[in-house]
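Engineer: make a model of this:
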Amino acid sequence: MEAGVVVDAEVRAQLAAAVGSVAGLVDELAGVVAGPSAAGAPYRLPDADADPLQELSEACLDGLGVLARVEAATAAAKVRLVAAYTEAAAVLEGPPASAYEASAREVSRVAEVACVLTIGERAASALLGEAHALTTSLPAALDALQTGTIGWQHARIVVDETTGLSPAAASALEAHFFDPDAPRPARGAAPGELAPARFRRKVRAWRERHHPESLEARHAKSVGDRWMEFSPDRDGMAWLSLYLPGDTALAIWNKSTALARGLQSPGEPRNLSQLRADIAAGLLLGSANQDVGDVPSPKADVLVTVPVFSLLGLTDEPAEVDGLGPVPPSIARRLVADGANSFYRVLVDPRDGAPLEIGRTSYRLPEALKRWLKMRDGTCTFPGCSNNSLDNEADHLTAWQRGGTTGISNLGQACPKHHRLKHGSGWTPMQAGKDRPPGWISPTGRCYPAEHPDREPPLWPPGCLPATDSPLEQAILARLAA
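Structural biologist: Numbering: from 1, shown residues only. Alright, predicted model coming up:
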C-alpha cells in the first residue's frame, strides 16, 4: 500500500510539472500577444519611427513560436496523462486470469482513450504505445517535449526509430541527439531546429549505422509486415497504398512509369501521373485497356444505397457505396448494370430518405433484416469504428436467452473485434431505435451516443411535388413496399 502511495505521489508530481509547463508558456504567449502595453509589462517610451504594422507582424511571429512550444508542452502533458491512466487502470483491474482477458483489457483501455479524445482506435493505440515508450525508455526526449524545445512530431520520430531496439541501443540513440555530454553528440542544428522530415533522415541514418543487427536480417523480418491499405476520400475518390519490399515497390513504379511514357503522345490528353494511375489500376484488375474508369466492375460484395430518382436518371443526387461513401450516380448505375457477385441495391423512400422496416420474432435473422440492419447502422456501431458493414456481425443488444427480441430496435452490428469486446469486457451497447443505431457505455460509466447516418430527403425531379399524392409517388412507394 505504501509503495502505491509513493508511486501515486510521484506520478501526480510529474503531472503537475507538465501542467505547470503548459501554464507558464500560456502566460508567456499572452504577454507576447498583448504587447508591452499590457498590465505588468515594462513601460517603453513611444518610438516616433516605429511602424505599428511591423510591430504587429513581429508579435504574431513571436506568438507563433511560443504557441509551438505550448503545443509541445500540451502533448507532453497528454503523454503523461495517458501513461498514468494506463498504469492506474492496470493496477485497479489486478492481474489478468488469462491471455484472452489481458488482451480484452488492453483493447478496452484503448477504446476508452479513443472515445475520450474523439480519435480512432488505431491512433489511440499508437498514442498509448508512444506514451509508454516516452515515459519508460526515452525520458530525455519527453523532457525536451515538455519544455517545448522539440515538437510532438520530433518525439514521435524518436519513438518510431527506437522501436525494436534494445534498451541500451535506444538509450544510445537518445543520448546522441539529446545529451550534449554524450561521447559523440550530434553536430549541427538541434533536433527542434530541424523540420521533422529532415530530423527523421538524420535519426534514421544514425540508427542504421549503429544498429546491433544487420540490415539483411531486419529486412527479412520486415517482409512479413507487408500489407495493403484502402482509404476513402472526397469527390468519389479513394487512396490505395501498398507496403512492400523496396525493390518490389520500385519495380511496380518503374513499370507503370515506363508504360505511361509509352502512351504519351500529342493526342493523349492525360498527363504522366494520370496515365501511371490508370495503368496501375488496369494491371491490378486484369484490364488491357488503360482508359480512366474503363476497368472491370468489382466482383465482390457491394452494398449501394441509391435514391430511386437518381437510379432512374432523373436527378444527379449522389449514391452511397458502403466502405467508400458518396459516389456519382453514374458509378451506381454502372454497378447496377455490370453488377458485383453479391450486389445489394437499396432504394430509399423519396419522402424522407429512410427505407421500410422489416420485422422478425425468431432468433435467426433473415437476409432482408440483415441488409436493413447494415443500411441503418452504416458501419460498426462502436464509437469511432468505420469497419465496413459487410464485414460486421449482427448482434442482439439484449441477449436472446435473457428475453431479448429479434427486432430492429434490439439489434446492432459490430465488427469482430468490438463484438468480442462486448462479451469480454465492461463495454455495453445502449438501446437502439428504428432509425438509430445503439450507443455504448464504457466500463468507467461514460456514455458515447450513436453515430447514425445523417440522411436527407432525396431530391425530386422538376415538376414533381412531394406534397401531392401523384401517380408517380404511388408507383414508387408500391415498388419500395414490394
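Engineer: residue contacts, the residue nearest to the spatial centre of the chain?
Structural biologist: For the chain, the residue sitting closest to the mean C-alpha position, by C-alpha atoms, centre = their mean, is Gly120 at 4.6 Å. Residues in contact with Gly120, defined by C-beta atoms under 8 Å, 6 or more residues apart in numbering, are Ala114, Gly384, Cys385, Ser386. For every residue, glycine as well, the C-beta is placed using N, CA and C.
Engineer: is the second one in a helix, a strand, or coil?
Structural biologist: I take that to be Gly384. The three-state label for Gly384, taken from DSSP: H, G, I helix; E, B strand; the rest coil, comes out as coil.
Engineer: how many neighbouring residues does it have?
Structural biologist: By other C-beta atoms under 10 Å, the residues close to Gly384 number 19.
Engineer: same question for Asp143.
Structural biologist: 16.
Engineer: with just CA atoms, put whichever strand or helix holds it into CSV.
Structural biologist: In this assignment (DSSP states H and E), Asp143 forms part of helix 139-147. C-alpha atoms of helix 139-147 as CSV (Å, rounded to 0.1, in the frame of the first residue of the first chain):
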residue,chain,number,x,y,z
PRO,A,139,13.0,10.4,-20.6
ALA,A,140,15.3,13.0,-22.2
ALA,A,141,13.1,13.2,-25.3
LEU,A,142,10.0,13.6,-23.1
ASP,A,143,11.7,16.4,-21.1
ALA,A,144,12.6,18.2,-24.3
LEU,A,145,9.0,17.9,-25.4
GLN,A,146,7.7,19.2,-22.1
THR,A,147,10.0,22.3,-22.2
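Engineer: doesn't Arg109 make contact with Gly426?
Structural biologist: No. Shown here, Gly426 and Arg109 do not form a contact pair, counting by C-beta atoms under 8 Å, at 11.2 Å.
Engineer: more crowded one of the two?
Structural biologist: Per other C-beta under 10 Å, whichever of Gly426 and Arg109 has more neighbours is Arg109, with 21 against 15.
Engineer: can I assume that one sits in a strand?
Structural biologist: No. Counting by three-state DSSP, Arg109 is not part of a strand but helix.
Engineer: now do the closest residue to Leu242 other than its chain neighbours, the pLDDT please.
Structural biologist: Nearest residue to Leu242 in three dimensions, chain neighbours excluded: Met228, at 5.4 Å (C-beta to C-beta, 6 or more residues apart in numbering). pLDDT, Met228: 92.
Engineer: mind listing the strands for the protein?
Structural biologist: 227-232, 238-243, 302-307, 319-321, 325-327, 343-348, 393-396, 411-414, 428-429, 440-441, 447-448 (DSSP state E).
Engineer: what angle do the first one and strand 238-243 make?
Structural biologist: In this case it means strand 227-232. Strand 227-232 and strand 238-243 are oriented at 170 degrees to each other (axes from the mean of the first three to the mean of the last three C-alpha atoms, to 10 degrees).
Engineer: what strands line up against strand 227-232, and which way round?
Structural biologist: Its sheet considered, strand 227-232 pairs with strand 238-243 (antiparallel) by DSSP bridges.
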